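Engineer: Pasted the sequence and its predicted model underneath.
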Amino acid sequence: MSGSKKPTSREELRRIEDAWIQSILEAPADEIRAEIKEAGDDPEAYIALADAMLKQAVEHCGRETLERARTELRAFRAKQPQIVSLEQARAELDAMKREPSSPQMLAARKGRGLSERDEQALLRAKAELKRLESEDEKA
Amino acid sequence: LGEAKVMEGEGKATAEHLTAEEVLAASEALSPGDKMKLMAIERKFLGGTGRQKGELYREAVCRALLDQRHCPRDVPVIAFLIETMRSIASHDRERQSRQTSLDPDDMAMTEASRLSPGLASDHLDPEEHLLAKEDAAAADTVAKIQGHFEDDEECQMVLLGWAEGLRGKELRDFVGVDQARLDYLGKKIRRKMDKLYPNGWRQ
């Protein structure tokens, strides 16, 4: 016997299944072929099905891998222009500050001028605008 | 770019495991006889999964190609695919069983069982309860399988030996037959089981 501890029923069933599978694997192919026919199935259809499923798996995984790569590329691109445009936006904002006739600066003068928060918000808005413009150009 | 090229870089070459490309190459190189056996074995796992023929095999290959399952280098690919199919099938059944346990009728039954004094499940947590339920079902199935061979003492002995995990000489000694006779008995059991449980015994 394999051990002193009595196996659970689940273990017993699993072992019976293991032996059943092993017996199929170890049997001569002709014997299994005959048994499949006896059960009313076509052994050649089994082989064709295995080939078809393998082909489908390769195609499916190829598409999935490609889709993953596309998603990663999109995420990468979405980040890239924004960083460049922030610098551009800052340069434009500085130029705007130096130009007193700029509409934004005129509006600001009516109040107390642009706060740090306003300036950051304006920078982000301009950067986002640049990014969208850049995406439109690429499209 | 071919499909194989698309998957380049997915396979992580390790000393212990085959790469995705190696699993694919080995699967493609299986003999027609092995493919036939693989599909015959797949059928034994289909019961209770809700899947069609071939789907477990396709899923097993996908898991390997997408690096979700790794085939140890010292394990034949056919054995790796069989184990992966069995594992996928088991998870399928588990998921379906969990969905069933969320069914209001089933919940009501569980509640009623919990409130009934004297039931074994009184002191069990849900996980233990599930295992106890599975064990009872397994015991029932083992008894049924044995019952199909009640007029054949030798086959019953082989089944008892299988259930104990005996193989080769240990099994021959246990049953008291030579290898040729053991092969014959194994075939006899297999043919009967194939008829009784074409999609395996799990529902």
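Structural biologist: Arrived safely, thanks for sending. Computed from a predicted model, the values in this text were never measured in an experiment.
Engineer: Kindly tell me how buried residue 22 is, as a neighbour count.
Structural biologist: The chain I'm using is chain A. Using other CB atoms under 10 Å in any protein chain shown, residue A:22 has 16 other residues around it. Quick note: C-beta positions are derived from backbone N, CA and C, even for glycine.
Engineer: you looked at the wrong chain, it should be chain B
Structural biologist: By other CB under 10 Å, the residues close to residue B:22 number 16.
Engineer: Run the contact check for the helix or strand hosting it versus chain A.
Structural biologist: Using DSSP states H and E, residue B:22 maps to helix B:20-28. Yes. Contact of helix B:20-28 with chain A (CB under 8 Å from any CB of the partner chain) involves B:24, B:27, B:28.
Engineer: Stretch B:72-90 now?
Structural biologist: Yes. Contact of stretch B:72-90 with chain A (CB under 8 Å from any CB) involves B:78, B:82.
Engineer: just to revisit the earlier point, the helix holding residue B:22 - contacts with which helices or strands?
Structural biologist: helix A:43-98, helix B:55-65, helix B:77-101 (3 or more CB pairs under 8 Å, 6 or more residues apart in numbering or on different chains; DSSP states H and E).
Engineer: Now tell me what touches stretch B:54-65 from outside.
Structural biologist: Under the contact criterion CB atoms under 8 Å, 6 or more residues apart in numbering or on different chains, stretch B:54-65 has outside partners A:49-50, A:52-54, A:56-58, A:60-61, B:7, B:10, B:20, B:23-24, B:27, B:38-39, B:42, B:45-46, B:49, B:68-71, B:80-81, B:84-85, B:88-89.
Engineer: May I see the buried residues of the helix holding residue B:22?
Structural biologist: Neighbour-count burial for helix B:20-28 flags B:20, B:22, B:23, B:24, B:26, B:27 (criterion: 16 or more other CB atoms under 10 Å in any protein chain shown).
Engineer: list the contacts for residue B:75?
Structural biologist: So residue B:75 contacts nothing (CB under 8 Å, 6+ apart).
Engineer: In a strand, it, correct?
Structural biologist: No. Assigned with DSSP: H, G, I helix; E, B strand; the rest coil, residue B:75 falls outside any strand and is coil.
Engineer: Tell me the pLDDT of it.
Structural biologist: pLDDT for residue B:75: 95.
Engineer: Please apply the same query to residue B:78.
Structural biologist: Here, the pLDDT recorded for residue B:78 equals 97.
Engineer: Equivalent analysis for the one 3 residues further on, please.
Structural biologist: In the prediction, the pLDDT value recorded for residue B:81 is 98.
Engineer: same question, residue A:139
Structural biologist: For residue A:139, the model assigns a pLDDT of 61.
Engineer: show me the contacts for the closest residue to chain B within chain A.
Structural biologist: Closest residue of chain A to chain B, CB to the nearest CB: residue A:29 (3.2 Å). By CB under 8 Å, 6+ apart, the residues touching residue A:29 are B:31, B:32, B:33, B:36, B:37.
Engineer: quick check, distance from the helix or strand containing the last one to the centre of its chain.
Structural biologist: Counting by DSSP H and E, the secondary-structure element that holds residue B:37 is helix B:32-46. Relative to its parent chain, helix B:32-46 has a centroid offset of 12 Å by CA atoms, centre = their mean, to the nearest Å.
Engineer: looking at chain A, which helix or strand does the model trust least?
Structural biologist: Least confident helix or strand, chain A: helix A:103-110 with a mean of 54, by mean pLDDT, DSSP states H and E.
Engineer: Report the next helix or strand after that one in sequence order.
Structural biologist: Next helix or strand after helix A:103-110 toward the C-terminus (DSSP H and E): helix A:116-138.
Engineer: List the buried residues for that following helix?
Structural biologist: A:122, A:123, A:126, A:127, A:130, A:131, A:134.
Engineer: thinking again about what came up before, and chain A, which of the contacts of residue A:29 reach it?
Structural biologist: B:31, B:32, B:33, B:36, B:37.
Engineer: For burial, what's the neighbour tally of the last one?
Structural biologist: Residue neighbour count, defined by other CB under 10 Å, stands at 25 for residue B:37.
Engineer: ok, it touching residue A:23?
Structural biologist: No. The criterion here is CB atoms under 8 Å, and residue B:37 misses it with residue A:23 at 10.6 Å.
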